[in-house]
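1. After the sequence you'll find the predicted model.
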Amino acid sequence: MTETGFDGARELAADTGGGRPEARREPGDLRRVGANPDHWYPLARSRSVRPGRVLPAVFAGERLALFRGRSGAVYALEDRCAHRQVPLSMGVVEGETLRCCYHAWAYRGDGRISQIPYLSRGDGRPPRGVRGYPVREAYGLVFVFPGDPEKAAVTELPDLPAFGAPAYRTMTFSRTVRCHYSFMHENLLDMNHQFLHRGVVGRIRPELLGYTTGPRSVEARYLFTHSGGKRNRGASLLSAGDIRGSDSADLLTIRTEYPYQTLDLVQEGAERPAFRLWAAYVPEDAEQRRCHAYGLLMIEKPRIPGALHLAWPLIRRFTERVFAEDRMAVEAEQRAWDEQGEDRNHEVFPLILDVREVLRANGVPLRPPAAAPGCGQVQ
Amino acid sequence: MTETGFDGARELAADTGGGRPEARREPGDLRRVGANPDHWYPLARSRSVRPGRVLPAVFAGERLALFRGRSGAVYALEDRCAHRQVPLSMGVVEGETLRCCYHAWAYRGDGRISQIPYLSRGDGRPPRGVRGYPVREAYGLVFVFPGDPEKAAVTELPDLPAFGAPAYRTMTFSRTVRCHYSFMHENLLDMNHQFLHRGVVGRIRPELLGYTTGPRSVEARYLFTHSGGKRNRGASLLSAGDIRGSDSADLLTIRTEYPYQTLDLVQEGAERPAFRLWAAYVPEDAEQRRCHAYGLLMIEKPRIPGALHLAWPLIRRFTERVFAEDRMAVEAEQRAWDEQGEDRNHEVFPLILDVREVLRANGVPLRPPAAAPGCGQVQ
Amino acid sequence: MTETGFDGARELAADTGGGRPEARREPGDLRRVGANPDHWYPLARSRSVRPGRVLPAVFAGERLALFRGRSGAVYALEDRCAHRQVPLSMGVVEGETLRCCYHAWAYRGDGRISQIPYLSRGDGRPPRGVRGYPVREAYGLVFVFPGDPEKAAVTELPDLPAFGAPAYRTMTFSRTVRCHYSFMHENLLDMNHQFLHRGVVGRIRPELLGYTTGPRSVEARYLFTHSGGKRNRGASLLSAGDIRGSDSADLLTIRTEYPYQTLDLVQEGAERPAFRLWAAYVPEDAEQRRCHAYGLLMIEKPRIPGALHLAWPLIRRFTERVFAEDRMAVEAEQRAWDEQGEDRNHEVFPLILDVREVLRANGVPLRPPAAAPGCGQVQ
């Protein structure tokens, strides 16, 4: 792990034969790197998987059926019946089993077939079942482990101490964004894009204080100074500036810790973050040109009881708008990539070059697309 | 032709080296087998081809223009003008000819050009015309012979004695279903899918009494016993059960006789079928992933005059709902095939293995898709 | 240049080994010939590029950002930021520069970067800028030169003396048509398609008086006689016929002068045209299966002051309807080409064979489509 001040970063950027040559090599196209499945990924909000119900979900083109049994446990199965590949998410939950809607084959939570109602001895040999996935619930989300199931037990869920802590209250986000997940990481880490949000945050002068790169992480520290322009009320509620005068500033720490991302904002002079954001970007399609962004925004409760409750809608409106602007930009990036058929980014900001390398080094090759039997029809 | 009871079927299923080895071999992908064009296929309802009007139709990606001349006769032409390939179905009927809307070239019912209004002697040599297809009208449908026209004269239309018989009245169905026609045959023949219709038919216990396989046909006989659950009133009108008590049963005979399919239902103790269904599944697109289902449901008139008239809307609502459920399932099957790029069915029911072989043996290779000059634009 | 009467045309059509063999050879598929970029093409109406605003435009799959600076000058840039390829048309005009909406990189009107706000000395070497295109405004349109910029200075804009002349008033058209531009040229030059417009113009008998073919042009002269049928009032306002009795006629001169097209209509006995149409068809997509038609219809003012003002909505409605009918036909032609994957036109009209050759000889090979990384997603 290397600690680098901004001056050091400059040197690094110039020094292409130096200590971290890989980070400058940029081999292959980042937008063709798949998300590593050997991590826990949120695939649904817990409240969306109601008792006795089934919900379709997806990870990088793999369809899953999530269902909650009578016991309250959530299960994740491959979303195609072993018989005729009809989605099990169209099926019916019975106790702790899931029954296909078509010929009523029944599956246990681990994917094994428990019953084929009409099968006689001597009929064709039935299949054993479908794939089952490890599942865990935490932070109001259903996490699934899409990779090697043996690694699930030794892989940690993200640790979010602020979630549920008395001093914080959490706002949850869940949105599909039509871009490769890497654009999301670059968007959040490169705070030089405040021009995009000028209509809501006014004029922000971001100053990079330094950044740290590790084999699985990049962490950047910025000082944000508000230098004029109208500011949205929601923005004021989440940062310093207005309250403490125009000279006051916010310290932002943004971190990609593969495959997640966090952002902590500490107002000048404060002891703990005014808010902490945790985010995961889950690829939806096999080509990973679309991802689902899950966000947990843990907001510090103010001294005055009830004040956060009143401010809640304003904060949500502000964050929704910022998110909509970011989405507009990253989806435009993806469309440009689609048109050009390759990544032609000309990146000049050293820490972004680093996070690109982290995403590349920790990702996996994209599976070749299924032998689509014809264009246009397979949507 | 082999008569096989259910016990025999079991043996057959186990005996993979036996008398009908082809049926077990499953060579090639059934969903890539084209419908054999050397049969009569319904391409429209008669009433949709009004006198002096033209209607576009399609068989497996071949576009046709159907038109009815002043004489009342219906003609079927290739749906592109020989000049600049504008659809003739956009044209105008004049007597027994069809005139293209663009430069007014006129065609006879057999496809030959009868006039090019502006052509001078010495201008480029005009083409002879476009393809004409054999046409016959029967049962309120326009049947077209898309294959070798010489075979049309020696190929029979389906024989439906109940259609127009005094004891029956016919309900006609016409629907596009987004799946390969083979899924439709399998759906109707495999009566173990009553779970799909549990909301309308209650709990049905289907028992296979036996089945017969021939080179062009599979016929299955089931006994249906109603074993509880609420039943739709339309369902009651078409079967036994409620009327004669819960012990009574229906005998269903379902038959694929290439390329058509029939279903007869005889209530316990009745002399003739309570209803007879005839169906044809006509591929629409060149890849045959979409078909148009035409159905003629011939329903026995009850003793009481006018009773069927009153029951008609209930019966239609019931059949529409059953059909909608079947469509949901077979379209889900097609989507799974599209995603996987191949048939991964794991069939365990012997007679379904047989009908797959019948469809394969009587079908034709799919034409390779036209050299689409680019994806995405050719819809 | 060869002057050919209609009789001569007949000979030419018969003489396939004669003086203009290329014109009969028809090598390659006309619908795969690209529009030659070394001409001035209208890409927007002037009034759509408002001061201080930016507008996306396109030529044959190349995206452009048009913007008007504070000086009133219009600039045309490649529509992707050199940094991360976000469209510059999403950006903000500042004086004579255009700033990208995302990280606020600023560009001059010639495409060179004028500022990267956050770049420190030593950061990665920034790119020089993006491509800038020559621009001229005339006739209420913004013309761009998409080809070799060195040729722009020596390439003339079209010369339209009637535009702005006191005797004429101009109606402007701007429409996307889903077809290759060549279908538009053939549509206007082949006046034998009046059957298509029978509902608005009645029965027209077009007589070809003669035509002239040059290396870059085809000009056809027709006599139009109205021979019955109801005629739209807008049609009457633009031609003879009704006013001067049914024997009177119109002389139409239609000319493809690569890449533009004109149509002049002179009423029998008149000195100057009742109207003059100038049109350009600008390919939109890279495969050039869609074009944008810009039309300037310069209509002679009648003696009575204010009469044209009153007739204006009628004329617009008439021309819109004629255009809609033409669009229906040419888009049907394109769909047929898409389905068949090639041009199967069987053309019999000699001057159309000539204009096909002119378009082929003056066009350029289509660029191969960008290595689209997958079908279905790149729309």
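-> The structure has been received and is ready for your questions. Numbering: from 1, shown residues only, chains lettered A, B, ... in the order given.
2. Report the buried residues of the one helix or strand A:T319 maps to.
-> Remark: A:T319 resides in helix A:307-340, with elements defined by DSSP states H and E. For helix A:307-340, the buried set under the neighbour-count rule, 16 or more other Cβ atoms under 10 Å in any protein chain shown, comprises A:308, A:311, A:314-315, A:318-319, A:321-322, A:325-327, A:329-338. Quick note: C-beta positions are derived from backbone N, CA and C, even for glycine.
3. what residue ranges in chain A score low on pLDDT?
-> For chain A, residues meeting the criterion pLDDT under 70 lie at A:1-27, A:121-124, A:239-247, A:368-379.
4. Outline the domain layout of it.
-> A:2-28+A:158-365, A:49-133 (automatic domain parsing).
5. what's the offset of the last one from the middle of its chain?
-> In terms of Cα atoms, centre = their mean, to the nearest Å, the centre of domain A:49-133 is set 27 Å apart from its chain centre.
6. now stretch A:307-317
-> 24 Å.
7. can I get the CA coordinates of it in PDB?
-> C-alpha atoms of stretch A:307-317 as PDB (Å, rounded to 0.1, in the frame of the first residue of the first chain):
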ATOM      1  CA  ALA A 307     -35.400  17.800  12.600                       C
ATOM      2  CA  LEU A 308     -34.100  15.000  10.400                       C
ATOM      3  CA  HIS A 309     -37.600  13.800  10.000                       C
ATOM      4  CA  LEU A 310     -38.600  17.200   8.600                       C
ATOM      5  CA  ALA A 311     -35.500  17.500   6.400                       C
ATOM      6  CA  TRP A 312     -35.900  14.000   5.100                       C
ATOM      7  CA  PRO A 313     -37.900  14.800   1.900                       C
ATOM      8  CA  LEU A 314     -35.600  17.700   1.100                       C
ATOM      9  CA  ILE A 315     -32.500  15.500   1.400                       C
ATOM     10  CA  ARG A 316     -34.100  12.800  -0.700                       C
ATOM     11  CA  ARG A 317     -35.000  15.300  -3.400                       C
END
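8. ok, residues contacting it?
-> By Cβ atoms under 8 Å, 6 or more residues apart in numbering or on different chains, the list of residues contacting stretch A:307-317 from outside reads A:R169, A:M171, A:R233, A:G234, A:L237, A:L238, A:I299, A:K301, A:P302.
9. can you pull the contacts of A:H185?
-> A:H185 touches A:T256, A:Q261, A:Y281, A:V355, A:L359, counting by Cβ under 8 Å, 6+ apart.
10. ok so, going back, now the contacts of stretch A:307-317 as a markdown table including neighbour count?
-> Putting those into a markdown table (neighbours: other Cβ atoms under 10 Å in any protein chain shown) gives the following:
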| residue | neighbour count |
| --- | --- |
| A:R169 | 18 |
| A:M171 | 15 |
| A:R233 | 13 |
| A:G234 | 22 |
| A:L237 | 21 |
| A:L238 | 23 |
| A:I299 | 24 |
| A:K301 | 15 |
| A:P302 | 13 |
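11. residues in contact with A:V177?
-> Contacts of A:V177 (Cβ under 8 Å, 6+ apart): A:M184, A:Y281, A:R290, A:C291, A:H292, A:A293, A:R327, A:V330, A:E331.
12. how much space between it and A:F195?
-> Relative to A:F195, A:V177 is positioned 20 Å away (criterion: Cβ to Cβ, to the nearest Å).
13. mind checking how far the residue in the stretch 51-200 of chain A positioned nearest to chain C is from A:R203?
-> Closest contact between the stretch 51-200 of chain A and chain C, by Cβ to the nearest Cβ, is at A:F195 (3.8 Å). A:F195 is 9 Å from A:R203, where distance means Cβ to Cβ.
14. Tell me the one of the contacts of A:H185 nearest B:F349?
-> A:Y281 (43.6 Å; Cβ to Cβ).
15. Which strands border the one helix or strand that closest one maps to, and is each parallel or antiparallel?
-> Element membership for A:Y281, per DSSP H and E: strand A:275-283. Counting by DSSP bridges, the strands paired with strand A:275-283 are strand A:260-267 (antiparallel), strand A:291-300 (antiparallel).
16. Using TSV, lay out those strands together with distance to C:V33.
-> As requested, the strands paired with strand A:275-283 are exported to TSV (distance: least, Cβ to Cβ, whole Å):
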stretch	distance to C:V33
strand A:260-267	49
strand A:291-300	41
